[in-house]
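[1] got a structure for you, letters missing:
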């Protein structure tokens, strides 16, 4: 393990970032034992400065964080836990993460660019599970698999035509349609967006 | 502004996360004045605990961070700056971000799922700018725009066939090919992946 620079209280700040969506799930602190337990068990442990004790995230709530990887910053005094969040409600308020408001106090629900595909995948899965009446996704799904795939094919052709026409606004709109349609097709076939990303990432030279 | 809970030294931890890629660019601290300057100027300001002074990120290096949004956590004692990083080298070491090593000290270069498309876009842009001889991307590009778009069309059809065949491994491989081909087409047409993500995000209900 790296020679970490623990602060005067024997702690380091920890950022917990979601492996799939990239959202910052929470921010907390770890002492040496909490880090050790995290590495040994593969589940996020922190140190509570108010309760003065180690805690395992989700021990009571079930909101466990499986730790894919622990990173350290250039100065070796900040930790980054890359986590998979068990129930998608990391914050003690029940929100998906602790950073759900901007500095003016307004709730921020619209996804940031990097989290958009996986958040869209979540919405699609939710629609197909709950089947609300006015949902376009549900209507398309109920028309059957061939209809979903046909839609994907159509969107691909429309994207191709937009690209060929070199109209930037149109390219953006059609590509967005295509990605919606692609992610719906993947959901229908039981393939996670994350699996496709992992395949693409494998092709990067280390 | 929210009623923030500054610590005994009058500081709050700040996480700087990239708007486009989602990577954590750095971790630092802010006092009230640093936050005020950040909000007023739209550029990230921090407080250096060692030098005991406010600093504007990139003032000397040119590595400015344009702040798209400032978020606050549930306890109102941690800040999240969502930033655009001017030169893509946020760390003082010259690395793209400060978290380039894991706890064992190994460099981590392979992208995480959420950052994969924008990192791929960066690689493609780099290839087209530097034109290395052994690059598949460069070869395809030099065959002309129609060849690039034709490739995109082929990959879409191959993805469709894989979906129809319900072979999960094949779906993953073909979808990865399709996304590479799509992102290359977008780069050739001057459309940023981020613009497509922003269009998709707009469609989420707030």
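    Structure's in. What do you need? Just so you know, these numbers come straight off a predicted model, no measurement behind them.
[2] Could you pull out the strands in chain A for me?
    Counting by DSSP state E, chain A has strands at residues A:11-18, A:24-31, A:45-48, A:53-56, A:65-72, A:79-85, A:101-102.
[3] Which among those is found nearest to residue A:108?
    strand A:101-102 (5.6 Å; Cβ to Cβ). C-beta here means a position set from N, CA and C on the backbone, and glycine is covered the same way.
[4] got JSON lines for the strands of chain A, with mean neighbour count and mean pLDDT too?
    Output for those, formatted as JSON lines (neighbours: other Cβ atoms under 10 Å in any protein chain shown; pLDDT from 0 to 100):
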{"stretch": "strand A:11-18", "mean neighbour count": "22", "mean pLDDT": "98"}
{"stretch": "strand A:24-31", "mean neighbour count": "23", "mean pLDDT": "98"}
{"stretch": "strand A:45-48", "mean neighbour count": "21", "mean pLDDT": "98"}
{"stretch": "strand A:53-56", "mean neighbour count": "14", "mean pLDDT": "98"}
{"stretch": "strand A:65-72", "mean neighbour count": "20", "mean pLDDT": "97"}
{"stretch": "strand A:79-85", "mean neighbour count": "24", "mean pLDDT": "98"}
{"stretch": "strand A:101-102", "mean neighbour count": "16", "mean pLDDT": "94"}
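[5] CSV for these, including distance to chain B?
    Listed next are the strands of chain A as CSV, based on distance: least, Cβ to the nearest Cβ, whole Å:
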stretch, distance to chain B
strand A:11-18, 6
strand A:24-31, 5
strand A:45-48, 12
strand A:53-56, 15
strand A:65-72, 4
strand A:79-85, 5
strand A:101-102, 5
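[6] And residue A:25, how close does it get to residue A:31?
    20 Å (Cβ to Cβ, to the nearest Å).
[7] Point to the helix or strand of chain A where mean pLDDT is at its lowest.
    Every helix and strand of chain A was ranked by mean pLDDT, DSSP states H and E. The lowest is strand A:101-102, at a mean of 94.
[8] starting at the chain centroid, how far to that one?
    18 Å (Cα atoms, centre = their mean, to the nearest Å).
[9] thinking again about what came up before, now render the strands of chain A as a markdown table, adding distance to residue B:89.
    Shown next, in a markdown table, are these (distance: least, Cβ to Cβ, whole Å):
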| stretch | distance to residue B:89 |
| --- | --- |
| strand A:11-18 | 20 |
| strand A:24-31 | 22 |
| strand A:45-48 | 31 |
| strand A:53-56 | 36 |
| strand A:65-72 | 18 |
| strand A:79-85 | 18 |
| strand A:101-102 | 27 |
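[10] and for the least confident helix or strand of chain A, what are the contacting residues?
    Outside strand A:101-102, the residues within contact range by Cβ atoms under 8 Å, 6 or more residues apart in numbering or on different chains are A:107, A:108, B:2, B:69, B:70, B:71, B:72.
[11] from the residues you listed, which is closest to residue B:117?
    Checking the contacts of strand A:101-102 one by one against residue B:117 (Cβ to Cβ), the nearest turns out to be residue B:69, at 20.8 Å.
[12] what are the bridge partners for the closest one, then?
    Legend: beta-bridge partners of residue B:69 under DSSP bridges are residue B:82.
[13] what sits against it?
    Contacts for residue B:69 (Cβ under 8 Å, 6+ apart) come out as A:102, A:108, B:19, B:81, B:82.
[14] can I get those in JSON lines with distance to residue B:97?
    JSON lines is the format used below for the contacts of residue B:69 (distance: Cβ to Cβ, whole Å):
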{"residue": "A:102", "distance to residue B:97": "23"}
{"residue": "A:108", "distance to residue B:97": "22"}
{"residue": "B:19", "distance to residue B:97": "13"}
{"residue": "B:81", "distance to residue B:97": "13"}
{"residue": "B:82", "distance to residue B:97": "14"}
